[in-house]
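Student: output the structure for:
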Amino acid sequence: MAGSNRKQKTARDMVLSLALIVIASLVVYYFTIPHDDHAPEVQRVDYRVELLTARRAASYPVAAPEGLPSTWKPTSVRSEGKDAGRWHLGFQTPDGEYAQVEQSTGKRTDFIADATQGGSATERTERIGDRTWTRYTGGRYDALVLEDTPGSTTVVSGTASFKDLTTLAAALKAE
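Tutor: Numbers count the residues shown, from 1 in each chain. As a prediction, the model looks like this:
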């Protein structure tokens, strides 16, 4: 009889131990692991100071948009000094996609490959305002590349649609 009682205690102890482990696991799951399925809110950046600094330092007219709707959220800005000659301004579009303005005095082909993430020129050009832009596709980003800009290259690119890229390109003012 004593052996049967011992087996019952062992089985009961195993069930209790398993129950405690399950309860502890549920506590850890619910209280320490985040359960938010939404992407974090992208923070808006103020790029005015960097823009003024870049315009003073750059050897080319630095482009930035004027008059974009407030639904376009600036998310990143970088300016590399005179020697590097590179300007970047990134936006989240109203659709939640990414669009950027990139400018550089570096080698045109290398810069375009970098700014479009491997895109290639198409036969299609667009007249936006009084400027001609060439479409690039096939890379990580679609892009519009401004033609006939001596001294620098301007690229508007991103995951945004060509409609949004055109909106950004049309809003650019260079000083």
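Student: quick one: D110 and T153, what's the gap?
Tutor: For D110, the distance to T153 equals 10 Å [Cβ to Cβ, to the nearest Å]. The way it works is simple: take the backbone N, C-alpha and C, and place the C-beta from them, glycine included.
Student: helices or strands up against the worst-scoring helix or strand of the chain on mean pLDDT?
Tutor: Here the helix or strand of the chain ranked lowest by mean pLDDT, DSSP states H and E is helix 2-32, holding a mean of 82. Judged by 3 or more Cβ pairs under 8 Å, 6 or more residues apart in numbering; DSSP states H and E, helix 2-32 has no packing partners among the helices and strands.
Student: can you give me the buried ones in whichever helix or strand comes after it?
Tutor: The helix or strand immediately downstream of helix 2-32 is helix 48-57, counting by DSSP states H and E. Buried residues in helix 48-57, counted by 16 or more other Cβ atoms under 10 Å: E50, L51, A54, R55.
Student: again with stretch 106-113
Tutor: G106, F111, I112.
Student: distance to K173 and pLDDT added to the buried residues of helix 48-57, as TSV?
Tutor: TSV is the format used below for the buried residues of helix 48-57 (distance: Cβ to Cβ, whole Å; pLDDT from 0 to 100):
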residue	distance to K173	pLDDT
E50	16	94
L51	11	95
A54	13	92
R55	11	92
